[in-house]
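Novice: model this:
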Amino acid sequence: MHYLRVGSNRNAMSQDIIDIPISDLVLWTENPRDPIDPKAIDQDIVDRAFEDRSLKWHLRNLASKMGPLYDFSELPIVVYRGRKPIVYDGNRRMILGKIKHGLVTFRGAHFDIPEIPSNIPCNVCSEDVALNHILRKHSDSGSWDPLERDIFLHKFMKRPKSTFLILEENTGIISSNPLLNQRFVKEEIFQGEAFKGLGFKTNDKGELLTIHSTDEAKTILSDVANKVENGIITTRKKRGKILEVLDPQSKSVISKNKNKSFKPKTVDFSTSGGKLKVPRQSRRTKKKDIEIFGGPLFLKAGDINNLYQDIRSLYGFYLENRATLSTTFPALIRMSLRLLFESAATTSIATRKNEMDDFITKYFSKAKGTLSQDEKTTLSNSNVKDSSILQLLHTGAHNYKVASQMESTLAVSLILGKMLELSHGK
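Specialist: From the prediction side, this is the model:
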């Protein structure tokens, strides 16, 4: 058995390749992918990973990509705390190893796991070396979103809090509105002169400062969230022109308060579930209602067709009664789409290992190829891609605010309808 205490008679920058039994390895509770209570045990982390509400783990997909054999070309990064070897990088692979050897259990359908030895060669190093390796590997690879990166830099690399992180800590708006967690939003709206132009800035104490009252600040930030989530401002549309696209009410508030002093303010979106108070913009010209699924589908008789027909009826009820329905009613349609998606994946993918990912791989690209240019633009405006559709469906099923965005829901239904015609069409 090899035990190596960090900092004991060794160069702080050294690294050692040591075989460690998987049974001894301890999963990292502070993994930036999805941090958990520091007191959690390996089983808690495995349960969290398979629940995967953050849509960051994808264990079944990882096992499928690994193939029949464990790949030794990338070593887990391990830091010893006393006699405990903590896995700082490689937690997903080690979870599969622990399952393979019966060290933890999981709830869910069986799936194939590669042959993984009981002893694993690990890169054992100091925490500083481990953290620098993790930052190099993940910060710009796309595996972390902007907020995760900022949290890691502050918590582990001792960097000052970014404006983006301070905004989240003082409002909860980013976690309440996941589509704000994009690089262009962080760098071109919630930062520097653009952020100040909206009437906000931050200080070195980690405080959010604003010239607005609490209600006014919430109205403006909500308006910004609406414009991003409805595709009014994107990396290709109105980029750098956030003030231009805001509602007249928001512009008026900003203009009225422009000579006021900045004062610390907490604007809490989390207690209200992040529900936006700004009404959605009216169209300049009245257009006919967009059809759910892009129009009627002709599917084979069975449960999928029945569920599809029920969702169409639910949407028809919404169109006829929306004046008297609550603003959260569209959430019922969004959640129904997720059920339909899961059901279609389960019945069309024979392997039953990772049905939803495989359903996307098999049908999304082909379905998108059947769309008109206008329909493709609809998908783009709502950020509906093969890499995001699962997150949109999953978030919509657990977040009433996100689920209540009908434009995004219709965009999801459009591509889903085309996928259903390929998988379950007559």
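Novice: which stretches of the stretch 301-426 of the chain have low pLDDT?
Specialist: Applying pLDDT under 70 to the stretch 301-426 of the chain picks out residues 350-354, 396-404.
Novice: Mind jotting down where the helices sit in it?
Specialist: With DSSP state H, counting those that start in this stretch as the criterion, the stretch 301-426 of the chain has helices at 303-321, 330-348, 355-369, 373-381, 389-398, 400-403, 406-424.
Novice: what would those look like in JSON lines with mean neighbour count?
Specialist: For the C-beta atoms, the positions are set from N, CA and C on the backbone; glycine is no exception. Listed next are the helices of the stretch 301-426 of the chain as JSON lines, based on neighbours: other C-beta atoms under 10 Å:
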{"stretch": "helix 303-321", "mean neighbour count": "15"}
{"stretch": "helix 330-348", "mean neighbour count": "20"}
{"stretch": "helix 355-369", "mean neighbour count": "17"}
{"stretch": "helix 373-381", "mean neighbour count": "14"}
{"stretch": "helix 389-398", "mean neighbour count": "20"}
{"stretch": "helix 400-403", "mean neighbour count": "22"}
{"stretch": "helix 406-424", "mean neighbour count": "23"}
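Novice: Tell me which of these lies nearest to G295.
Specialist: Proximity to G295 (C-beta to C-beta) singles out helix 406-424 among the helices of the stretch 301-426 of the chain, at 7.5 Å.
Novice: Now for the nearest residue to D37 once chain neighbours are set aside: which residues touch it?
Specialist: Among residues not flanking D37 along the chain, T29 sits closest, at 6.7 Å (C-beta to C-beta, 6 or more residues apart in numbering). Listed by C-beta atoms under 8 Å, 6 or more residues apart in numbering, the contact set of T29 reads 35-40, 45.
Novice: related to what we said a few turns ago, include distance to L209 when you put the helices of the stretch 301-426 of the chain into TSV, please.
Specialist: Listed next are those as TSV, based on distance: least, C-beta to C-beta, whole Å:
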stretch	distance to L209
helix 303-321	41
helix 330-348	34
helix 355-369	43
helix 373-381	33
helix 389-398	30
helix 400-403	26
helix 406-424	32
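Novice: between the ones you listed, which one is nearest to D52?
Specialist: Closest to D52 of the helices of the stretch 301-426 of the chain, according to C-beta to C-beta: helix 389-398, at 8.4 Å.
Novice: and the angle from the closest one to helix 330-348?
Specialist: 130 degrees (axes from the mean of the first three to the mean of the last three C-alpha atoms, to 10 degrees).
Novice: thinking again about what came up before, and the residue nearest to D37, which of the three is it?
Specialist: What DSSP: H, G, I helix; E, B strand; the rest coil gives for T29 is coil.
Novice: Alright, that wraps it up for me.
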